[in-house]
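> Please work out how this folds:
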Amino acid sequence: HSFQSFGTPSEADVLILSLSSTLQEFSLPESQNAPAGTPSNSDNFHTKDVKAGFEILAHFKRFNQKNDVFRRSWWDDRIRSEKTELFYTTYRQSLKDWRKADGFTQRDYALRNAAWHVSDLFTEMKESEDRREGFTDAFTLLRDPSSEKLDIGTPSQSAIGIKRVAQAFGAGLVGITHYDQRWEYERKFSDQSLKEKAAEIPAGLDHVIVVAQPMDYDWIRTVPAALSGAATGLGYSHDALVVLSLTQYIRNLGYQAFASMNDTSLAIPYAIKSGLGEYGRHGLLITKEFGPRVRLGKVYTDLPLAHDQPVVFGVKQFCDTCQRCAQGCPVKAIPSGPPTAEVHNQSNIVGVRKWTVNGEKCFGYWVAQNSDCAICIRVCPYNKDYTKWQHRLGRQLAGTHLRGFMLWLDSALGYGERMTPKSWWQRE
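Below you'll find the predicted structure:
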């Protein structure tokens, strides 16, 4: 969900950009002082940053949620307009005039909004208390922890059990890492009162469980379309169910736990640290199992858990060569050059050398077409159905010196081309 801030835009992630501030590869220079927000045991964190490919610079600053592009669309006149208001309204109300374009009919919007329905119920449930849980505020729809703590074994045994339960609840992927204040929002922000808020995750929750929900492959293939937005909505609806259920399970064991989606921190850094994938040129997490086609959620807890290690399967080297997402972006919001410390505007995180997406351009395209966009996901060569052996083989070869050939072959075979929404509706 946090792509831009760490990768690209988020609310809708209303979709798939988590336009908050982007993340990519960090590594604390040996000759420089630790950047602001670095935990006290910075040597240990530096080692883990290197493993994750993070390059964090001395002028690093934690991100303020107010500067997320989605948040800015409520208070910043440079972003907010009648079109942004219409954009949000159509997720809950019918359009007065339906577009005739394929993928933007009443039926397409009806499906998209239905897919968002479960997530929206949680988000809207406490709006009277100035809370939009799951997107600007952590979930509070939980029972108190049990008064008796149950010993479920060593941290390694506990981690195995937690992953088993999360997957039983429907998680596509599960990883575990340490709490890192650098990725927590410095301040939170309310879309309703337009006021900043203090962080609400209590101290002492040293473990972060990251879950990834896959989005429907064929729906993503119809991007750009209102129909494709159903993939994002259903991803978040499933995400809410999984993180809330997993959090309550941990509480029932007698431990503290808090559920979170796009509301508390940048999700992509945590996902990379927990071994779920690598960072891509388009500012998104790329997983081995689903490519960039995932939504992220988190659970903070004091349950002792063994942590996973970052994984490397050749994404950085492949993205160095591939330009598919940058070329496919209609508004050229994705960089075509090497990773830099450049920030395009206040919706980018400061002090991280990475590929940084221009969230203002990205969100502007969402608003113009009146639905979220995921063209960068559709055209990404890692966006495949990995239940098929040939795609698993291709992923493996993409991590070798044959990556150039695999990129050519991917294009020659027509992967990444748009499926017409009409063909999705008409197929048997």
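> What does the pLDDT read for residue 51?
pLDDT for residue 51: 88.
> Same check on residue 39?
56.
> Correct me if wrong: residue 316 contacts residue 53.
Yes. Contact criterion Cβ atoms under 8 Å: residue 316 and residue 53 qualify, at 6.4 Å. Every C-beta, even on glycine, is put in place using the N, C-alpha and C of the backbone.
> Ramachandran angles for residue 177?
phi -140, psi -180 (degrees, to the nearest 10).
> hey, what's it bridged with?
As for beta bridges, residue 177 partners with residue 208 under DSSP bridges.
> what separates it from residue 382, distance-wise?
22 Å (Cβ to Cβ, to the nearest Å).
> Of the two, give the one with the bigger neighbour count.
residue 382 (28 against 25; other Cβ atoms under 10 Å).
> can you pull out the helices in the stretch 1-150 of the chain?
42-52, 69-75, 82-89, 106-124 (DSSP state H, counting those that start in this stretch).
> Could you look over those and pick the most buried one?
helix 69-75 (a mean of 24; mean count of other Cβ atoms under 10 Å).
> name the helices or strands packed onto it?
Packing partners of helix 69-75 (3 or more Cβ pairs under 8 Å, 6 or more residues apart in numbering; DSSP states H and E): strand 9-10, helix 359-369.
> Tell me which of these lies nearest to residue 209.
strand 9-10 (19.2 Å; Cβ to Cβ).
> who touches residue 305 in this structure?
155, 158, 159, 162, 176, 207, 209 (Cβ atoms under 8 Å, 6 or more residues apart in numbering).
> roughly how far apart are the first one and residue 303?
Distance, residue 155 to residue 303, using Cβ to Cβ: 9 Å.
> swap in residue 309?
For residue 309 relative to residue 303 (Cβ to Cβ), the value is 19 Å.
> And these two? Which one has more around it.
residue 303 (26 against 13).
> ok, for the more buried one, nearest residue in space, not its chain neighbours?
The shortest distance from residue 303 to any non-neighbouring residue, by Cβ to Cβ, 6 or more residues apart in numbering, is to residue 255 (4.2 Å).
> Just give me the lowest mean pLDDT stretch among the helices and strands packed on helix 69-75.
The lowest average pLDDT among the helices and strands packed on helix 69-75, as it happens, falls on strand 9-10, at a mean of 43.
> Okay, and the beta partners of residue 352?
With DSSP bridges as the criterion, residue 352 is bridged to residue 56.
> That one: neighbouring residues, count only.
Neighbour tally, residue 352, other Cβ under 10 Å: 30.
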